[in-house]
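Visitor: A structural model of the following input is requested.
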Amino acid sequence: MLENPRSPRVRAVAKLTKRSARQETGLFLLEGPQAAREALAYRADSIVELFATPSAGDKHPELLASAERAGIRVEHTTEAVLDAMADTVTPQGIVAVARQTPTAIEDVFLGAPTLIAICEEVRDPGNLGTIIRAADAAGADAVILTGRTVDPYNPKVVRATTGSLFHLPIALAADVGEVVDRAHGAGLRVVAADVGGGDFLAHRGDLGAPTAWLFGNEARGLDERALSLVDLTLRLPIFGRAESLNLATAASVCLYESAFAQRSATP
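Guide: Next up, the predicted model:
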C-alpha cells in the first residue's frame, strides 16, 4: 500500500494536474469511479494504472475486478495519498492514470460523418466538458478542438464529460480554416452559432443535412475570419428575460436540433 503522500511516485501522479506535465508525459488523470468505469469499458487499453483506497475497493469491487482482468495494475493507497494525487477535494477513493488518445484530424472525416462539433477558442473547462458530453448524447461523430481551446485532458474537462471523453473521437487542430475545409470536403455543411446570426427557427428545416457546428469563445464569440468560412450563421432566440445562454447550453441545443432533424429525415 502507498502510504507516503510526499513520495516521488505520488508526486508524479499529482503533477498531471498541470498541463506541462501532461504534455511532457502524454498522460492524464482520471478521478472517481464513474470516469474509471467508463474508461475501463471503452478504452481500457489507455489506462496505465489505477489507485484505490481500501474502502473504495470494498464499495466498487467490480471496478477493481475489471481492471485486473484488463491487466491493469491496481495499487491500494491511504486516503491521504489519494487526496494528494487528485485535483478534486473528494475523488471518491479512485484515481487512475491514462494515456492521452486524441484522434488524428484526417481520421475524423473518414466514414461519412453526419454531425460534428468544432470548438474554436473555448477556454472554460466546464463548458468544453459539457459540450463533449452533449455531443456524445446527441450522437455526434466527433468533437474537434481548434485554436487555443482548453486542453481536453484538463482534470476539470475530464470530470465535466462524465466519461464521454471515452465514447467519441476528440481531435486537436491548430487552425479552424483547415477543419472547415476538411468538413466541406467530406460533404458537411458548416454552421456557426453566433449572436449576430440569422433566425434559428427559420432554418430548422436545413439542419437535417450533415452538419458541422462551429462554437466560439465564451466572451468574444467567433472572429470575422472564422465567420467568413462557414456556410450559415444562426442565433438561438431568447424568449424570456435572460441576457444570453451559456455556451455549453447553447451548443447542447444546437447539437440536439441537428440530431432531431437528421433522425426525422431518415426514412
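Visitor: low-confidence bits of the stretch 151-267 of the chain, can you list those?
Guide: Scanning the stretch 151-267 of the chain for pLDDT under 70 picks out 265-267.
Visitor: strands of that one, residue ranges please.
Guide: Remark: strands assigned in the stretch 151-267 of the chain by DSSP state E, counting those that start in this stretch are 170-173, 189-199, 211-215, 232-235.
Visitor: and of those, who's closest to T101?
Guide: Nearest to T101 among the strands of the stretch 151-267 of the chain is strand 170-173; the distance by CB to CB comes to 8.3 Å. Backbone N, C-alpha and C define where each C-beta goes, glycine included.
Visitor: tell me the pLDDT of the closest residue to T17 other than its chain neighbours.
Guide: Closest residue in space to T17, ignoring its immediate chain neighbours: D87 at 4.5 Å, by CB to CB, 6 or more residues apart in numbering. On the pLDDT scale, D87 is placed at 88.
Visitor: still on that earlier bit, and the strands of the stretch 151-267 of the chain as TSV, adding distance to A183 and mean neighbour count?
Guide: Output for those, formatted as TSV (distance: least, CB to CB, whole Å; neighbours: other CB atoms under 10 Å):
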stretch	distance to A183	mean neighbour count
strand 170-173	11	20
strand 189-199	5	18
strand 211-215	4	28
strand 232-235	13	18
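Visitor: looking at those, which is closest to T114?
Guide: Taking these one by one with CB to CB, strand 211-215 is closest: 7.4 Å.
Visitor: now for that closest one, which elements pack on it?
Guide: When contacts are defined as 3 or more CB pairs under 8 Å, 6 or more residues apart in numbering; DSSP states H and E, strand 211-215 packs onto strand 115-120, helix 176-185, strand 189-199, helix 247-265.
Visitor: need the contact partners of the second one.
Guide: Taking contacts as CB atoms under 8 Å, 6 or more residues apart in numbering, the residues outside helix 176-185 that touch it are 105-106, 108-109, 116, 118, 120, 144, 146-147, 173, 190, 212, 214, 225-226, 229-230.
Visitor: then the first one?
Guide: In this structure, residues lying in contact with strand 115-120 by CB under 8 Å, 6+ apart are 108, 128, 131-132, 135, 138-147, 149, 176, 179-180, 183, 188, 190, 210-217, 222, 226, 251, 255, 258-259, 262.
Visitor: thought G126 was touching T162?
Guide: No. Assessed by CB atoms under 8 Å, G126 is found out of contact with T162, at 11.7 Å.
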